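J.: sequence plus the predicted model coming up.
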Amino acid sequence: MKISNETKVGAIAVICVTILILGYNFLKGKKLFSNDTTLFANYGNVQGLQPSNPIIINGLQVGNVYKINTDENMRHILVELNITKHIKVPKNSIAIIKSSPLGTTSIEIKLGDSNDILANKDTILTENSTGVFDDVLRKVDPVLFEVKKSISSLDTLMNNINHVIDPDAKNNIGATLANINKITASMLISSASLQAMLNQQTGALAKTLNNVNSITANLAANNPKISHVIANLDTTSSKLANLNFKNTLDTLNASISSIQSILSKVDSKNGTLGLMLNDPSLYKNLASTSNKINLLLDDIRTNPKRYVNISIFGKKAKGSPLQVPTPDTLNSPYYIEKVN
């Protein structure tokens, strides 16, 4: 099979482009066929950092800067770090840009002590570099370096305060100070009142303490009487304790039992009182007797000659006795016993 010249030229062109891309990425510190770790770091000033600059951990180069991107306002600069070594970077590690006037700017990673490890394409913490002069000053005179650092922090604080405090805020601060002065004056008056209260001769607290002393003196003077009262209470409690409450309760229980027995007999139909209370025949007999007496009295009142004859020549009245009561006693409660 014969390969045309065009095919050979195309294959050579593809190989050259591939070699060019691989070489470009190699020069930038990026390997295409590797298990490198990519981390991102945000800075406000990269201090001349360029792609392919080294990444240092404990003095050893572990990778290179791969890419640097920024936004339109140049507020945030995103640096892409390519870690070629197989290392574990804790999450609280810090990436610091180290600039050198005689060498290459690099990024130094200070390892943290966290147990959590940064994964691929995570963002690492950053810190602004102090610069070459500050590093030299730190090594030559640490005290002067700390003083310079404190002055810078104080200057930044004052600038922030000047930006925050506007005329209205200043007026509010003045009013607040005036209120503080009033509060201080009130506290002075209160302290004077408190001093007067605590005065040993005329103070209210001194009088209260005198009253307490008087009460304790009276208690001390009446101590024998109090002891006698306590002794009497002890004697009374002893007597109450010696009382035979058990026998009294037993007697009371026996009395209650007897009353219950009597009431049960009254409620039953065996005794005379029980029969009188529970047997309805007594009521029926009494009602029947009252009915007969009323009927007899009505008959005597209506036909007195039937029972009493006072006439010398008179005759005894004849006729049958009354069978029903007269109208004036008709509404009386009669009970007519039915004869079976």
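T.: Noted; the coordinates are in hand. As the structure is a computational prediction, the values presented were derived from the model and not from experiment.

J.: and the next element down the chain from the helix or strand containing A220?
T.: Taking DSSP states H and E as the criterion, A220 maps to helix 204-221. Remark: after helix 204-221, the chain's next helix or strand is helix 223-242, criterion DSSP H and E.

J.: before we move on, back to that, convert the C-alpha atoms of the helix holding A220 to PDB, please.
T.: Output in PDB follows, covering the C-alpha atoms of helix 204-221 (Å, rounded to 0.1, in the frame of the first residue of the first chain):
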ATOM      1  CA  ALA A 204     -29.700  54.100 107.500                       C
ATOM      2  CA  LEU A 205     -27.500  51.100 107.500                       C
ATOM      3  CA  ALA A 206     -26.000  52.000 110.800                       C
ATOM      4  CA  LYS A 207     -29.500  52.400 112.300                       C
ATOM      5  CA  THR A 208     -30.500  49.000 110.800                       C
ATOM      6  CA  LEU A 209     -27.500  47.400 112.400                       C
ATOM      7  CA  ASN A 210     -28.300  49.000 115.700                       C
ATOM      8  CA  ASN A 211     -31.900  47.600 115.500                       C
ATOM      9  CA  VAL A 212     -30.400  44.200 114.800                       C
ATOM     10  CA  ASN A 213     -28.100  44.500 117.700                       C
ATOM     11  CA  SER A 214     -31.000  45.500 119.900                       C
ATOM     12  CA  ILE A 215     -33.000  42.400 118.800                       C
ATOM     13  CA  THR A 216     -30.100  40.100 119.400                       C
ATOM     14  CA  ALA A 217     -29.600  41.700 122.900                       C
ATOM     15  CA  ASN A 218     -33.300  41.100 123.700                       C
ATOM     16  CA  LEU A 219     -33.000  37.500 122.600                       C
ATOM     17  CA  ALA A 220     -29.900  37.000 124.700                       C
ATOM     18  CA  ALA A 221     -31.700  38.600 127.800                       C
END
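
J.: tell me what angle that helix forms with helix 223-242.
T.: Interaxial angle, helix 204-221 versus helix 223-242 (axes from the mean of the first three to the mean of the last three Cα atoms, to 10 degrees): 60 degrees.

J.: what's the average pLDDT for helix 204-221?
T.: Averaging pLDDT along helix 204-221 gives 81.

J.: what's it packed up against?
T.: In this structure, helix 204-221 makes packing contacts with no helix or strand, judged by 3 or more Cβ pairs under 8 Å, 6 or more residues apart in numbering; DSSP states H and E. Placement of C-beta: from N, CA and C, glycine included.

J.: in that helix, what counts as buried?
T.: Using 16 or more other Cβ atoms under 10 Å as the burial criterion, none of the residues of helix 204-221 qualify.

J.: swap in stretch 297-304?
T.: Neighbour counts over stretch 297-304 (16+ other Cβ under 10 Å) mark D298, D299 as buried.

J.: convert it to PDB, retaining C-alpha atoms only.
T.: C-alpha atoms of stretch 297-304 as PDB (Å, rounded to 0.1, in the frame of the first residue of the first chain):
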ATOM      1  CA  LEU A 297    -117.200   8.800 113.700                       C
ATOM      2  CA  ASP A 298    -119.100   9.900 110.600                       C
ATOM      3  CA  ASP A 299    -121.800   7.300 111.300                       C
ATOM      4  CA  ILE A 300    -122.100   8.400 114.900                       C
ATOM      5  CA  ARG A 301    -122.300  12.100 113.900                       C
ATOM      6  CA  THR A 302    -124.900  11.300 111.200                       C
ATOM      7  CA  ASN A 303    -127.000   8.800 113.100                       C
ATOM      8  CA  PRO A 304    -126.400   9.400 116.800                       C
END
